[in-house]
Every structure is written in structure tokens, then in C-alpha cells.
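Participant: Predicted model, plus sequence, below.
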Amino acid sequence: MPLDAITLTALKNELSETLIGARIDRVQQSESDMLILSVRRLNFSGKLLICAGSGASRVHFTSERFENPDRPPMFCMLMRKHIEGARIAGITQPPMERLLDVELDAPDALGDFHKKHLIIELMGRYSNIVLTDAEGIIVGCLRHVGSAMKEGRMVLPGMIYRFPEQAGKTDISAVSAEKIEEMITAAGLDKTAERAVLDAFMGFSPLLSREVAFRAYGETDIRMFEAAAMDRGQALLRELLSIKETVGAGDFSPFIIRDTNGVPKDLTCIQINQYEEKLHCEKLSTFSELLDEYYTKRYKVERSRQRSTALLKHVKTLRDRSRRKLEIQKKELIKTYDRETLRECADIIMANLGRIARGASVLRAENFYAEDGGTIDIPLDPARSPQQNAAKYYKDYQKAKNANRILADQIENGEGELEYLESVIDEIERAETERDIADIRRELEYSGYIQKPKQVKKEKHAAQQPMHFISSSGYNIYVGSNNMQNDMLTLKKAFKSDIWLHTQKIHGSHTVISAGGAMPDERTITEAASIAAYFSQARESSNVPVDYTLVKYVKKPNGAKPGMVIYSTYKTIYVTPNVELVKKLRAE
């Protein structure tokens, strides 16, 4: 559900209490349609997320971490130039509009302060972030609108900013009870009560409109002629006046609607009763927590999944192809186990050359290789001489012997390749940012599984550092997010005396406790093991075995794929992955 104007009013009231008087310390643009403002005031600091993405437009404080691109976009650079160091003087919202106007006192190059306005339009696919000066001249905007978004409205730098035209609906907080009753009476009788409310009043979402109808008549699809016959629409009027009173008093509460599995399905600023037992409504502490829970966490997963879908499909195709090839090779290897029989047949033919008539198709002779004696029937090629038949058996024996050796090597390499591709799939499924996906893609290019793009100019990519955690006892813990990072962390960055951890026989990240030559306490080892289990295929499991040893006992075999190592002299600890522990110990 897009963020409706009534919920945005509640959010604006909440943000105003914290943001007014705060200073913008830093501006980031982690996604093409998302700004992160680091704000600070006395006894408070936080990250304000502003997203103008279609279907996910919102503004709220967030606790999530976001990666910055290697090069900040032009819009980010513009925002840094104009609003870093600015103080937030006020936040206003045009009546029942999905738009916030953040008034700023922003310093210029000489240190003098000037008024600017950061206008956040949260209107679905028309969402935008616009910066204007005190006179309303557009300094910059996230999306340049050169053709009319609505008739006569353009959003371009240098033009005068104008608010979007209203949709011809009524602000329920600005009209009398008589006017509301008149509008109900004038609504089309064939309309549902939900549609009548949605068409008449600004700021109502379909969810809120259905709730008004449900509270009034106990059903969400009642039509206006039915409501008129029951009580001339008085119950609907009563509920609308209740909403008007709530809006006027600012008496809102953040509610998230979940299914029976706890998955967020919708959000609202009032208690929702229409779903009865099918969905449940949970009250949260703040609207920022509500939006962070509903949008940001789910949105990050969805965006990561969208970015990684093609790559994941390609690697799974390679994995399946490798698996089929391995199965064929194993079947071929089984056939070579009976190669000694070929040599024995050749020897028996050579011992009975004088008994074989030219053109014979079978040789029945004594089997002097069998412990109990007896005879054996050996198929012959009638077109070949006895000597040629024997030579054919000797040749087939040699081929089977060579095939056994070659297939054994190929199967060993194939199993290593399959294990590597499985580890890459695990990496992709655990990737959290676009940068993680880009690093995995470069790893596959380096390993030869993806063709390197032909580039006229080679781009330099800053090496992404391993994830950093600090244990409760103060030890640094590092975790690789892909196989290349795993190699770098274990083989280059870690000291021989550091502690190395990895899930036992389960694909996952290399984890290193930087101990400075000392043995960490048991709590640190347990926390590091829990982190290692979380960043593995066993993330959703419990009682996960994690091996740990000194880095000096970890070796990389010659020719091994990225991230593939062997280790010895280890101990095993059993832990359960804990996402809250991971968040708590994550270093900024």
C-alpha cells in the first residue's frame, strides 16, 4: 500500500518532534531513488531515509545499513553541496497531500545561512525529491519531469516549483459534519461505501476506506443503497466524523498488519478490524519503526533478489550442468571396474589360437583364471582373425584402464567445481547489496564462468573489505562476504596466530577472530561461531556445528577454486545463528 496522506500526517508529526533543530551531517545516495541523511542534535543522532521509488516511496528513520556506490551520483553531490551542514527549521504538509516540505537553514560557501526547501513528493510512480531556494526556484531534483506529470506541471532545475494540483476531493478535516453528510447523501447509490469514501475525501487509502465501511456496517463491500435503506447512511457518517476527530487531534498510532506467519502485509495509522482472524494488527512504538519494518527490510531483500536473479539463474544452470556431467562420469567409471575381464579374455584367446576357426563368433574354452575352472564363452568378431580379436580385447582393456585414471581425476575436479558453484549460489542468496552482487560477478569472471565484458576503458573497483564485528569482550571479528574475500581474509589479512572459524561441511563465509596472539575467551569464540553460522547455508537452522582452529592450520591446495581450503587440528562448537547478536556486534 502506498503511504497515504493521513498516515503521512501522523508521520510528519512524529518526525517534527525529532528533526526540527537537527543538523544534516552527511548525505548518501545508496540507491538511484534513495537518499540517506545523517542527522544530529543534542542527545540524538540518526539516519533519515527518503525514498522516491515507485510503490515504496516513504520517509522515516532507519536502523538498516546501506552500502555506498563507488562513485556518488550527481544528485548526491548536488545535495551534499547545498544541504550538508544545514539545520532543519520546520516540516510542513499541504492539507491531505502526500508531500512534505522540509525547510532548511543551509550555509553557503562563505558560511552565511540561506533558506532552502527539500520537498519530498510521495506519490507512487510520480514520486520525487526536489530542492528549491527561498524563492521557490528549483536547484535540483531527483527526476527531471520535462513533460507534464499533470497538466501544465514541469519539474526542472531553474524553474519555479509548484505543488501538484489537487484531485478535486475534499479535505475531511476542513469541512463541517453537515457537509460530510451532504456528500454521503450525494454519493451514487450503486457505489460501494468504500468507493464513495475514496472518491469523496482526500488522504484516504483503500484500506482506510474499507475499514470505515466495515466499522459502520460490519462488511467492506456494502453498497450505498443498502446503507441508505438501513439507516440513511448515519453509521457511515458516524465513522467519518470519528476519522475527522482523529485527524484533527493527531491521535494516531502505528499499526502493522501481518499474516499468520508474521509476514507484513500492510500498514496503517488506526486499528484495523476488517480482517478479523485472517490477519492480525500489531501496534508498534513509532511510525519510523513501522515503515522500516514494512518497507526497508523487505525492500532490501526484494531489490537484492531482483539484481541477483539473472546471475543466480546462470550459476544454477552451470551447477546443474556440472552435476549431470558428474553423474555421467561416475557411470562411465563404474564400467571400467570390470576391465580385468577384458585382459583375461584376450589371454584365453591367445592360448587357444589353434582352436578358433576363421569366421567363428564365439570361443568356448577353459577359463584358467577361474578358481573352480570351468569353461567360458568369449564373443568374437567373425570379420576379424583370432589374433585381431585378441588385440581388440587388449586394446579395450588398455582404454578402460586409462579411462579409469582419467575419469577419477575428472570426477575429483568435477566434485570440487560443484562444491564451488554451490558456495557461489550461497553467496548470491546471502548478498545484501548491489556491491556484493558486483563482487560475486567479478569473482565468476576471474574464475572463467562468466565472460568478461569488452571495455574500452578499464574501471578500477575499490576492494570491498570483509564485514567487521566487535565481540562483547572487545575482540575484532572479520567475515568474508564472498569467496575472493574469504581468500584475502584467511590467506593474506589474518595472522597465523588468529582464530579461524567455518561451519562444518556447510557452505559459508570464512570468519577470523583477530586475537593478537592470545586465545580469546569462550564467549568471543561462541559469538564468532554464531556469526559464522549466520553467514552460511545454515542461517535458518539450530545447533549448527562450527569448526575453529588457528589460521596457521588452514591451507589452500594448489589449483583450488576461490574460497576452497583445507584445515586440521580443529575443535567443534555447536551454536544457533542469532540475527539480533549479528546486528548488535556489527561495527559501523
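Facilitator: Structure received.
Participant: Below-threshold pLDDT in the chain: ranges please.
Facilitator: Within the chain, the stretches with pLDDT under 70 are 1-2, 147-152, 297, 299-305, 307, 454-463, 588.
Participant: Residue 390 versus the residue of it most remote from its centre, what's the distance?
Facilitator: What lies farthest from the middle of the chain is residue 354; by Cα atoms, centre = their mean that is 76.5 Å. With the distance defined as Cβ to Cβ, to the nearest Å, residue 354 ends up 13 Å from residue 390. C-betas here are computed from N, CA, C, even on glycine.
Participant: The residue farthest from the centre of the chain belongs to a helix?
Facilitator: Yes - per DSSP: H, G, I helix; E, B strand; the rest coil, residue 354 lies within a helix segment.
Participant: what about the helices in the stretch 401-550 of the chain?
Facilitator: Remark: helices assigned in the stretch 401-550 of the chain by DSSP state H, counting those that start in this stretch are 434-447, 483-487, 522-534.
Participant: Could you work out which of those helices reaches nearest to residue 465?
Facilitator: helix 483-487 (8.1 Å; Cβ to Cβ).
Participant: Residues contacting that closest one, please?
Facilitator: The contact list for helix 483-487, computed with Cβ atoms under 8 Å, 6 or more residues apart in numbering, reads 420, 423-424, 427, 439, 442-443, 446, 464, 466, 480, 509-510, 556, 561-564.
Participant: just stretch 396-410 next, same as before
Facilitator: So stretch 396-410 is contacted by 329, 332, 333, 335, 336, 337, 338, 339, 340, 342, 343, 346 (Cβ under 8 Å, 6+ apart).
Participant: I figured the third one hits residue 411, correct?
Facilitator: So that's residue 333. Yes - if you go by Cβ atoms under 8 Å, residue 333 and residue 411 touch, sitting 6.5 Å apart.
Participant: Which helix or strand contains residue 45?
Facilitator: Assigned by DSSP states H and E, residue 45 falls within strand 44-51.
Participant: Please state the offset of that strand from the chain centre?
Facilitator: 21 Å (Cα atoms, centre = their mean, to the nearest Å).
Participant: same check, this time on stretch 509-527
Facilitator: Averaging C-alpha positions (Cα atoms, centre = their mean) puts stretch 509-527 28 Å from its chain's average.
Participant: tell me how far the ends of it are from each other?
Facilitator: 15 Å (Cα to Cα, to the nearest Å).
Participant: Kindly export stretch 424-437 (C-alpha atoms) in CSV.
Facilitator: Output of stretch 424-437 as CSV, limited to C-alpha atoms (Å, rounded to 0.1, in the frame of the first residue of the first chain):
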residue,chain,number,x,y,z
VAL,A,424,28.7,-19.2,-5.1
ILE,A,425,24.9,-19.8,-5.1
ASP,A,426,25.0,-19.5,-1.3
GLU,A,427,26.9,-16.2,-1.7
ILE,A,428,24.3,-14.8,-4.1
GLU,A,429,21.4,-15.8,-1.9
ARG,A,430,23.0,-14.1,1.1
ALA,A,431,24.1,-10.9,-0.8
GLU,A,432,22.6,-7.8,0.7
THR,A,433,23.8,-5.0,-1.6
GLU,A,434,24.4,-4.3,-5.2
ARG,A,435,28.1,-4.1,-4.5
ASP,A,436,28.0,-7.7,-3.1
ILE,A,437,26.5,-8.9,-6.4
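Participant: What are the buried residues along that stretch?
Facilitator: 424-428, 430-437 (16 or more other Cβ atoms under 10 Å).
Participant: now stretch 249-264
Facilitator: For stretch 249-264, by 16+ other Cβ under 10 Å, it's 252, 254, 255, 256, 257, 258, 264.
Participant: Could you do stretch 186-206 as well?
Facilitator: Across stretch 186-206, burial judged by 16+ other Cβ under 10 Å covers 187, 191-206.
Participant: Let's see that stretch as CSV, backbone CA atoms only.
Facilitator: The C-alpha atoms that make up stretch 186-206 are tabulated as CSV, following Å, rounded to 0.1, in the frame of the first residue of the first chain:
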residue,chain,number,x,y,z
ALA,A,186,-25.0,12.8,-2.9
ALA,A,187,-22.9,9.7,-3.5
GLY,A,188,-24.1,7.3,-6.2
LEU,A,189,-26.3,4.6,-4.8
ASP,A,190,-24.7,1.9,-6.9
LYS,A,191,-21.3,2.6,-5.4
THR,A,192,-19.8,0.6,-2.6
ALA,A,193,-19.4,2.6,0.6
GLU,A,194,-15.6,2.1,0.3
ARG,A,195,-15.6,3.7,-3.2
ALA,A,196,-17.9,6.6,-2.1
VAL,A,197,-15.4,7.5,0.7
LEU,A,198,-12.4,7.0,-1.5
ASP,A,199,-13.8,9.2,-4.3
ALA,A,200,-15.0,12.0,-2.0
PHE,A,201,-12.2,12.6,0.5
MET,A,202,-8.5,13.4,0.2
GLY,A,203,-5.9,11.3,2.0
PHE,A,204,-7.9,8.1,2.4
SER,A,205,-6.3,4.8,1.2
PRO,A,206,-8.4,1.8,0.0
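Participant: ok, residues contacting it?
Facilitator: By Cβ under 8 Å, 6+ apart, stretch 186-206 touches 1-2, 4-7, 9, 95-97, 166-167, 169-172, 183-184, 209-210, 212-213, 216-217, 220-225, 227-228, 236, 240, 247, 268.
Participant: are any of those residues buried, and which?
Facilitator: Buried subset of these (neighbour count, 16+ other Cβ under 10 Å): 2, 4-7, 9, 96-97, 170-172, 183-184, 209-210, 212-213, 216-217, 220, 222-224, 227-228, 236, 240, 247, 268.
Participant: So which of those residues are in strands?
Facilitator: In strands, judged by DSSP state E, the following of the buried ones among the contacts of stretch 186-206 are found: residue 268.
Participant: Check the offset of stretch 569-586 from the chain's centre.
Facilitator: 21 Å.
Participant: which residues touch that stretch?
Facilitator: 65, 467-472, 477, 504, 525-527, 529-531, 533-534, 536, 538-550, 553.
Participant: For ChimeraX, write the selection for the buried entries among these.
Facilitator: Buried members of the contacts of stretch 569-586, defined by 16+ other Cβ under 10 Å, are picked up in ChimeraX with:
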select :467,469,470,471,477,504,525,526,527,529,530,531,533,534,536,538,539,544,546,547,548,549,550
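Participant: Next, give me the two most distant ones among the buried residues of stretch 249-264.
Facilitator: 252 and 258 (19.2 Å).
Participant: what's the distance between residue 195 and residue 201?
Facilitator: As for residue 195, its distance to residue 201 is 12 Å (criterion: Cβ to Cβ).
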